[in-house]
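Show me how the following folds:
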Amino acid sequence: MILCDKTFGIDRLIRLVSWILISFSILAVFMTTPREEGFAKTADEGYYFMYAMAVKEGGMAQFPVLLQQHLSDKVAQLFPHPGRIGYVLLTAGWLSIFPDTFLSLARLSWFCFVLFLFVSFWFSRKYFGERTASFYTVLLSIHPLLMTAGRRVLQDSMLNLFWALSIWFFLDFLMEKKRRQYALFLLFFCISLSIKEASAILWAFFACAFVLFREKNDPRLTGRHLLGIFLVPVSVLGLLYLWLLGGWANGLALVRYLIGVHFPAAGAVTNAYSLFGMGPWYKFIMDDLMLSPWTVLLAVGYLFHIMLNRRAAKPVTYLALFLVFLYGVMSAMKYTKIIRFVMSMEITVCLFAVLMLEEIFAAEKKDERRALFVFLSVCVIYLVNSINFVHLFVRWNIYDPISYWLLQAQKVIPPRSLF
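Prediction:
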């Protein structure tokens, strides 16, 4: 009885301190958001703001105009295109409520960051218990990449939220096989596809997960569900794009443009900035080590742990498949090796870091001591990551965390000014 009381006391203390840490992270992102003059108004942030303002003031009819302007301007093609209608519509709606400023759109990214944390806690508590969910949410809240995405006028934070919703609701559907989860998954996946076309890579992941988790002769998981993963988004978004872009001509022009951007012919890349996205397959690991070293090392350790044991709970297998799939696809492409393009892999990385800590201290027989050791380890990681966030994104004010800037900021390579 005394042990139960102690365990309850430890859990209550962990829950309290965890939410204090999470709240501090949320406040830190809010307070360190750049001032109005601190945004990249001539780069991606400026173009997203321009699209949002155009749709807010001119309505849906602005999409064909914006697309034609983008396709006819070689300079504009170095920056995001207006075909990311999900992000443009949501930002335009946000600006119809709040002031027409860059700071207002940065607050939308912050809001998506906060929602992402609550979504992650909700689902991880459902599948891994409240204690693990608390540790997991603390690590997510203090990851430097997720934090800086929550303070910029970019689609990264919003995309990360809808990827998380898609991934968790699809797991929910595979585990419980209910129509409601399937419908919500399709909704959030459609929104993800409309925010950024790179979400299309999730089609193959969801198909593989469906085949892997489907039990033989289970009437609740049928071929219709598998076909729906492809046909519903294609049908819904196809009609939406045709309507907003003004017909087949603009729709096909956007498709041809996207193919050229993501699968350029040899020698066709003229944007020097794209070259920063090149590198070996382990570049993502290298960059993430400079952002959050201990979560990466622990997550890699847990991957080897489940491979050596050759068994894992279904949610763990599912999230491991997502991590391996996302990492494998993005590292196989030539110009996509920029860490913010795969920031959603932290959905798995941070969770696996917590699970590895729980395995490390599993030999401790007393539950309250084991929980305390894991919690203290999470606090150490929190401190290290908070120092990295301040150093990289507040003091150095890194806008796009490409390897070149991270290596300089972490003093792995000398600054260019020395040469």
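
Three-state assignment for the residue nearest to residue 177 when sequence neighbours are not counted, please.
Distances taken as CB to CB, 6 or more residues apart in numbering put residue 220 closest to residue 177, at 3.8 Å, once the chain neighbours are dropped. Yep, even glycine has a C-beta here, placed from its N, CA and C like the rest. For residue 220, the secondary-structure state derived from DSSP: H, G, I helix; E, B strand; the rest coil is coil.

and after the lengthiest helix in the chain, which helix or strand comes next?
Assignment by DSSP state H gives helix 2-31 as the longest helix of the chain. With elements assigned by DSSP states H and E, the helix or strand that comes after helix 2-31 is helix 44-58.

got the contact list for that next one?
Residues from elsewhere that reach helix 44-58 (CB atoms under 8 Å, 6 or more residues apart in numbering): 39-41, 62-63, 65-66, 76, 79-80, 82, 87-89, 91-96, 100, 102, 105, 152-155.

before we move on, what about stretch 247-263?
Contacts to stretch 247-263, defined as CB under 8 Å, 6+ apart, come from residues 64, 67-68, 71, 77, 81, 83, 197-198, 241-242, 245, 268, 333.

In these, which has the lowest confidence score?
Minimum pLDDT across the contacts of stretch 247-263 is recorded for residue 268, with 61.

Report the secondary structure state of residue 335.
Looking at residue 335 with three-state DSSP, the answer is coil.

residues touching the residue lying closest to it once chain neighbours are set aside, list them.
In space, and not counting its chain neighbours, residue 335 is closest to residue 277: 4.1 Å by CB to CB, 6+ apart. By CB under 8 Å, 6+ apart, the contact set of residue 277 is 334, 335, 336, 337, 338, 341, 402.

Mind doing that once more with 6 Å?
335, 336, 337, 338 (CB atoms under 6 Å, 6 or more residues apart in numbering).

What separation is there between residue 298 and residue 289?
To residue 289, residue 298 is 12 Å away according to CB to CB, to the nearest Å.

more neighbours, those two?
Using other CB atoms under 10 Å as the criterion, residue 298 and residue 289 rank with residue 298 on top: 24 against 17.

Now tell me what touches whichever strand or helix holds that one from outside.
Residue 298 is part of helix 293-309, with elements assigned from DSSP H and E. Contacting residues not belonging to helix 293-309 are listed as 139, 288, 289, 312, 349, 350, 352, 353, 355, 356, 381 [CB under 6 Å, 6+ apart].

Most widely separated two among the residues you listed?
289 and 312 (24.4 Å; CB to CB).

low-scoring pLDDT stretches of the chain, where are they?
The chain contains residues with pLDDT under 70 at 1-8, 216-217, 266-271, 417-419.

Please parse it into its domains.
Using automatic domain parsing, the domain ranges for the chain come out as 1-31+110-154+267-419, 40-100, 159-263.

Now residue 226. Nearest residue, chain neighbours left out?
Excluding the flanking residues, the one nearest residue 226 by CB to CB, 6+ apart is residue 210, at 5.4 Å.

re earlier: I'd like the contacts of helix 293-309 as a markdown table, with distance to residue 163 and secondary structure appended.
What follows is these, written out as a markdown table (distance: CB to CB, whole Å; DSSP: H, G, I helix; E, B strand; the rest coil):
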| residue | distance to residue 163 | secondary structure |
| --- | --- | --- |
| 139 | 18 | helix |
| 288 | 17 | helix |
| 289 | 22 | helix |
| 312 | 22 | coil |
| 349 | 14 | helix |
| 350 | 14 | helix |
| 352 | 17 | helix |
| 353 | 19 | helix |
| 355 | 21 | helix |
| 356 | 23 | helix |
| 381 | 23 | helix |
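
got a markdown table for these, with distance to residue 225 too?
Converted to a markdown table, the contacts of helix 293-309 look like this (distance: CB to CB, whole Å):
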| residue | distance to residue 225 |
| --- | --- |
| 139 | 33 |
| 288 | 34 |
| 289 | 39 |
| 312 | 24 |
| 349 | 29 |
| 350 | 29 |
| 352 | 28 |
| 353 | 32 |
| 355 | 29 |
| 356 | 33 |
| 381 | 39 |
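
what about residue 324, how many neighbours?
Neighbours of residue 324 (other CB under 10 Å): 14.

can you tell me the helix or strand for it?
Per DSSP H and E: residue 324 is located in helix 314-332.

helices and strands around that helix, which ones?
Under the contact criterion of 3 or more CB pairs under 6 Å, 6 or more residues apart in numbering; DSSP states H and E, helix 314-332 touches helix 346-360.

Just the CA trace of the helix it packs on, in PDB.
Provided in PDB are the C-alpha atoms of helix 346-360 (Å, rounded to 0.1, in the frame of the first residue of the first chain):
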ATOM      1  CA  GLU A 346      10.700  13.300 -34.600                       C
ATOM      2  CA  ILE A 347       7.200  11.800 -34.000                       C
ATOM      3  CA  THR A 348       9.100   8.500 -33.800                       C
ATOM      4  CA  VAL A 349      12.500   9.600 -32.700                       C
ATOM      5  CA  CYS A 350      11.400  11.300 -29.500                       C
ATOM      6  CA  LEU A 351       9.200   8.400 -28.600                       C
ATOM      7  CA  PHE A 352      11.900   5.800 -29.200                       C
ATOM      8  CA  ALA A 353      14.300   7.900 -27.100                       C
ATOM      9  CA  VAL A 354      11.900   7.600 -24.100                       C
ATOM     10  CA  LEU A 355      11.300   3.900 -24.700                       C
ATOM     11  CA  MET A 356      15.100   3.300 -24.800                       C
ATOM     12  CA  LEU A 357      15.500   5.200 -21.500                       C
ATOM     13  CA  GLU A 358      12.800   2.900 -20.000                       C
ATOM     14  CA  GLU A 359      14.700  -0.100 -21.300                       C
ATOM     15  CA  ILE A 360      17.900   1.100 -19.800                       C
END
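
If you count contacts, what does that helix end up packed against?
Where contact means 3+ CB pairs under 6 Å, 6+ apart, helix 346-360 is packed against helix 130-141, helix 293-309, helix 314-332, helix 367-389.

What are the buried residues along stretch 229-243?
Neighbour-count burial for stretch 229-243 flags 229, 232, 233, 237, 241 (criterion: 16 or more other CB atoms under 10 Å).
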